[in-house]
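Chemist: 3D model of this:
(chains A and B)
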Amino acid sequence: MSDKKPESNDTNGRKPTLPPGMVAKPGPTLPPGAKSTSSGPKLPPKSSKFPPGMKPAAPSTEELVGGDGSSAATRADFTSDQDVRWCPGCGDYAILATIQRLMPELGVPRENVVFISGIGCSSRFPYYMNTYGMHSIHGRAPTIVTGLKSARPDLDVWMITGDGDSLSIGGNHIIHIMRRNVNVQIIMFNNQIYGLTKGQYSPTSEVGKVTKSSPFGSLDHPFNPIALVLGAEASFAARTMDRDPKHMKDMFTRAHDYRGTGFVEVYQNCNIFNDGAFFQFTEKETKTDRTIYFEHDKPLVYAGGTKGLRLDGFNLESIDLENGNLGINDCLVYDETSRELAGIMARVYWKPELPQPFGVFYREDRPSYDDLLHDQIHAVVDRLGKGSLKKLLEEGETWEIA
Amino acid sequence: MALKSVETLSEATVLFAGDSGDGMQLTGTQFTLATAYAMNDLATLPDFPAEIRAPVGTTYGVSGFQLHFGSIEIRTPGDEVDLLIAMNPAALKVNLDRVRMGGTILVNSNTFEPKNFKLANIKSNPLEDGSLDKYRVIQVELTRLTRETLKDFDLNQKEVDRSKNMFALGLSLWLYSRPVEPAKKWITAKFGKNPVIRDANLELLKKGYHFGETTEQFVTRYEVAPAKQKPGRYRAIMGVQALAMGIVAAASKSGIQILYGSYPITPASDILHTLSRYKNHGIVTIQAEDEIAAIGTAIGASFGGSLGITGTSGPGIALKGEAMGLAHMIELPLVIVNVQRGGPSTGLPTKTEQSDLLQALYGRNGDAPIPVIAASTPGDCFIVAYEACRIAVKYMTPVILLSDGYLANGSEPWLIPNPDELTPFNVSYAQKTNKELDGEQVFWPYLRDQTTLARPWAKPGTPGLEHRVGGLEKQEGSGNVNYEADNHELMIKIRAEKIQRIQADIPPIQVYGDPDADLLIVGWGSTRGAIEAAVSRSNKSGKKVAAIHLRFLNPLPSDLGEVLSKFSQHLVPELNNGQLVKVLRDQFLLPMVAMNKIQGRPFGPSEIAEKIAEMVG
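Modeler: Alright, predicted model coming up:
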């Protein structure tokens, strides 16, 4: 929180839209029901994924479909010849289809795309993409993508992981890739269970979860993945769900366009070992009341515009927009660049009285690790010149023996 | 002034010892530089505690730097010490057993007082109780002389007392007729921004040197003539520097970018420190969050077409095991440097040992052979690092490079190599599809070179060669995931055969010493100097003994069996509880004799010579 004194907040019967001490940005105050005049949320300018001065690898001169990044590429061009071996009905299929459909739209030549994963059901993903890829070892994908992007910042790297892979065995690496802000997309499939090892509780499983390894109920308090990565200095964090391909695609695109670590948590149904874990958020009957799709610079409304969220101190509370007392102007206007709001929003987590949020929680303009790394190398080369092995060998005190 | 007599020595061993805050490593390094200037051959052994600043005056806080130099060939840091410079009673207590009978002990007599005796757990004053009667003792009031020299300098007492090592350095340079210029140059450059400290150190160095000339305590001054060495340009080199430069040479000769990912660990951290300065030499360095991340970054870099290298010591290797298995499975080039230290567990972090050989050879799940290559001298670290990189790329495999604490921190004069004379190091990446399948041109990432069995290296960004690798078993050729029984067995055999074929890159074994001997000593790693010095000494006294030294521990040289069969007895000296000896017994079914030292210190030639005498009479 800022050390500044609170601005004189307008408190005539209304609650401040921002926590005390936080300077309100002049945001749009829209009349109820009105559409925003701007064409959409103020998104960061679409940046190419390449650092300054670095060009993407030369496009193919061969007649390879998608090789020149033209719109000629299709989903099929990104589909490998390997049989997909997930269980029928698994949420992973929808995520795979969404990414395969998204790829041609992103326009990155196929040969410059790399998918790296760890271990687990989700981590079989790279085998199904007709791009470069590596199915690595449990929890270590963040280390491999860090090395890959450090060596090859020109590549468009996606990391595929799960809740066990990234938050349990790979917990140390996920926090460090976040603070470094390596320019990659991380898609974390969260199904709140260990699938590949046949159904043990995961670090996101709820307390009391009865599984093979917790026959009397799990005692472990679960992680809140968005809060975890924000605590680890994440610069971009979003949440989406397998049952909403449109929103998924939107979140993946936002993560891809972000120059830094674009972290997206995907609620993914494991229909074998944890079926229905997210049904209250994903199924028609309950979805409207139990979720909020929020966007930058827009008021927090849900339930078909009948409800909204406003700040009550440091907490969000649900307000009724239909009883005539409160309107859309009373709702908090979300600012995805506010670390404080991201923290508050991330803590809206499995609360019976509040809807589960889906959208971009946080985005910060911060240089990516691979950009900084190569800027530093260029600066050293500029200062010292390109190194000579011969000179290096002879550096320091030497003497001649005749 | 008394006229000093000058005695010419063929070799001498000096040991500087004091508190870890006394600057003994620095004093030793500067004495080494001056000795290199005097064109002597030399070998050094820094020996410091694991604690950064252990309590002053205690035995466990003693830091030492041993240097053996001469006009003859010097192969080890010396069996016995001729001159011990002990800055306090604890340093004397810890190192006394290393001084030869009749050797000289120079002490800072100001520190020989009850408080320090108590700290060092010494019952009576060794300068008075007769315990040093077998030695020549020179008492110098280093603390008082230093304070007197610097009384007009604007420095506090702590700063003054900290500088007394420069007085000791000046005095020892005088005693062995070494040039003062290198130390002067170093002080001037090091303290350029702090003129008071600079001038104080220069003054002490000078006063120490003059003290030697004027004091009546020294009647003899020594000279050591230049050694006969191969003509050429030389520098003093530590193993860690040579290793880092070998990596730079690999980048320079091959043209590939190298990424070094490492997590700080004694005694390997200096490789990271050194390489992180070489950013303009095509080296990218990452200080990773842990040992596993360090090797992960290296594997990621290699997947991208760079050469990934990671460096650590034994405990770090234990953590990297799974990732090494991945690198073996996905057949990417990778170099894993292990600067060995005393184990197991945290063990003796600052002491040397060769006890990670079996870990290097076998320390992974599944049948996962990885080539293992070991350096034998500080300078040899250069060529071994270069070779490790070259083999990794040529055979598309991880390679383990074994160094150790003694090699990393020890130094020797080094004939600077000519980069043009290094073995060529060519890298070729796959550019085209390599297989026709159902009338379609495809890329098979596991379609091998028939000579080396290496798979093609296609780097991301190459159109048409998109492919996936991973830790699951591969189908030979296509590289697709495959769980079939026959294919798995075939792949295990192929990967093992590929490593075995590296024998083609191993030169024939050179036998050192008497080729008609009955006894053959088989060594590896940093024991080379001690073994060959012992063989040479034994041959001179008529003992029939020879030695071979293994650079490659996996695969073993193809002519090893033949060479071993020419000798009736075999001795395997190692700084561990018997590891290479197990491997050799296993492969050659010969009754090898093990000789083991597990004390955190290298072998001295005399220990091995004694064993030779015992075996061949």
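
Chemist: contacting residues for residue 332?
Modeler: No chain was given, so I picked chain A. Neighbouring residues of residue A:332 by CB atoms under 8 Å, 6 or more residues apart in numbering or on different chains: A:17-18, A:299-300, A:308-311, A:316, A:341. C-beta: built from backbone N, CA, C; applies to glycine.

Chemist: wait, chain B was what I had in mind.
Modeler: Counting by CB under 8 Å, 6+ apart, residue B:332 has contacts B:299, B:302-303, B:308, B:396, B:398, B:457, B:469.

Chemist: hmm, 10 Å instead?
Modeler: A:134, B:298-305, B:307-308, B:326, B:392-393, B:396-398, B:455, B:457, B:469 (CB atoms under 10 Å, 6 or more residues apart in numbering or on different chains).

Chemist: filter those residues down to just the ones in helices.
Modeler: Counting by DSSP state H, the contacts of residue B:332 place B:298-303, B:326, B:392-393 in helices.

Chemist: most neighbours of all those, which one?
Modeler: residue B:298 (36 neighbours; other CB atoms under 10 Å in any protein chain shown).

Chemist: test of understanding: give the bridge partners of the residue lying closest to that residue once chain neighbours are set aside.
Modeler: Nearest in space to residue B:298, with sequence neighbours left out and distances taken as CB to CB, 6 or more residues apart in numbering or on different chains, is residue B:308 at 2.9 Å. Counting by DSSP bridges, residue B:308 is bridged to residue B:259, residue B:334.

Chemist: wouldn't residue B:308 be in contact with residue B:283 here?
Modeler: No - Residue B:308 lies out of contact with residue B:283 (CB atoms under 10 Å); the separation is 11.6 Å.

Chemist: neighbour count: these two, which is higher?
Modeler: Between residue B:308 and residue B:283, counted using other CB under 10 Å, the more crowded position is residue B:308 (35 against 24).

Chemist: got the phi and psi for the most centrally placed residue in chain B?
Modeler: Nearest to the mean C-alpha position of chain B, by CA atoms, centre = their mean, lies residue B:407 at 1.4 Å. The phi and psi values for residue B:407, taken as degrees, to the nearest 10, are phi -70, psi -40.

Chemist: contacts only, for it.
Modeler: If you count contacts by CB under 10 Å, 6+ apart, then residue B:407 has B:238-240, B:242-243, B:267, B:339-340, B:352, B:374-381, B:384, B:525-526, B:528, B:602 around it.

Chemist: what sits against the closest residue to it other than its chain neighbours?
Modeler: Excluding the flanking residues, the one nearest residue B:407 by CB to CB, 6+ apart is residue B:239, at 3.8 Å. Residues near residue B:239 by CB under 10 Å, 6+ apart: B:267, B:270-271, B:339, B:375, B:377-382, B:384-385, B:403-412, B:526.

Chemist: what does the stretch 351-500 of chain B have sitting close to chain A?
Modeler: Neighbours of chain A within the stretch 351-500 of chain B, by CB under 10 Å from any CB of the partner chain: B:382, B:413-420, B:422, B:432-433, B:437, B:442, B:458-472, B:478, B:480-481.

Chemist: those in strands, which ones?
Modeler: Judged by DSSP state E, these include B:413-415, B:437, B:442, B:468-470 as members of strands.

Chemist: closest to chain A out of the residues you listed?
Modeler: residue B:470 (3.0 Å; CB to the nearest CB).

Chemist: quick check: the closest one touching residue A:160?
Modeler: No - Residue B:470 is beyond contact range of residue A:160, at 12.0 Å (criterion: CB under 10 Å).

Chemist: shared neighbours of the two, anything?
Modeler: Counting by CB under 10 Å, 6+ apart, the residues touching both residue B:470 and residue A:160 are A:116-117, A:123-124, A:126, A:133, A:135.
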